[in-house]
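Novice: Sequence and predicted structure are below.
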Amino acid sequence: MKINKIYIEKFGNISSKEIEFSDGFNFIYGIDEINKTTIIDFILMMFYGSVDVYNNDIREKYIPDEKSDMSGYICFEHDDTSYE
């Protein structure tokens, strides 16, 4: 599987953020408190749901600032088929 792009409409304090990934290995890096973990958790929730390894529901942690629904999407490829 290859992730091509993520778009976060509303998730935690992130809104309207698009990240495109290149072929090969990609890094998400930056200074403290700039949403690296939030981006990773968005990807994990999109594929695996909102329960962490301790059976805690982590959705409340990422309710958008304006208390609206979380939203976004991931574009990825698997077995030569594209999904969004």
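Specialist: Arrived safely, thanks for sending. Numbers count the residues shown, from 1 in each chain.
Novice: Touching the least confident helix or strand in the chain by mean pLDDT from outside, list them.
Specialist: Across the helices and strands of the chain, mean confidence by mean pLDDT, DSSP states H and E is lowest for helix 36-48: a mean of 91. For helix 36-48, the external contacting residues (Cβ atoms under 8 Å, 6 or more residues apart in numbering) are 3, 6, 8, 11-14, 17, 19, 28-30, 58-59, 61-62, 72-74. No exception for glycine: its C-beta is placed from N, CA and C like everyone else's.
Novice: now Phe42: how far from Thr81?
Specialist: 22 Å (Cβ to Cβ, to the nearest Å).
Novice: Give me the more crowded residue out of these two.
Specialist: Phe42 (22 against 7; other Cβ atoms under 10 Å).
Novice: Can you give the contact residues for stretch 12-28?
Specialist: 2-9, 35-36, 38-40, 42, 61-65.
Novice: Only whichever of those are buried, select them in PyMOL.
Specialist: The PyMOL selection below is limited to those of the contacts of stretch 12-28 classed as buried (16 or more other Cβ atoms under 10 Å):
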select buried, resi 3+6+7+8+9+35+38+39+42+62+64
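Novice: starting at the chain centroid, how far to stretch 18-31?
Specialist: Between the centre of stretch 18-31 and the centre of its chain there are 12 Å (Cα atoms, centre = their mean, to the nearest Å).
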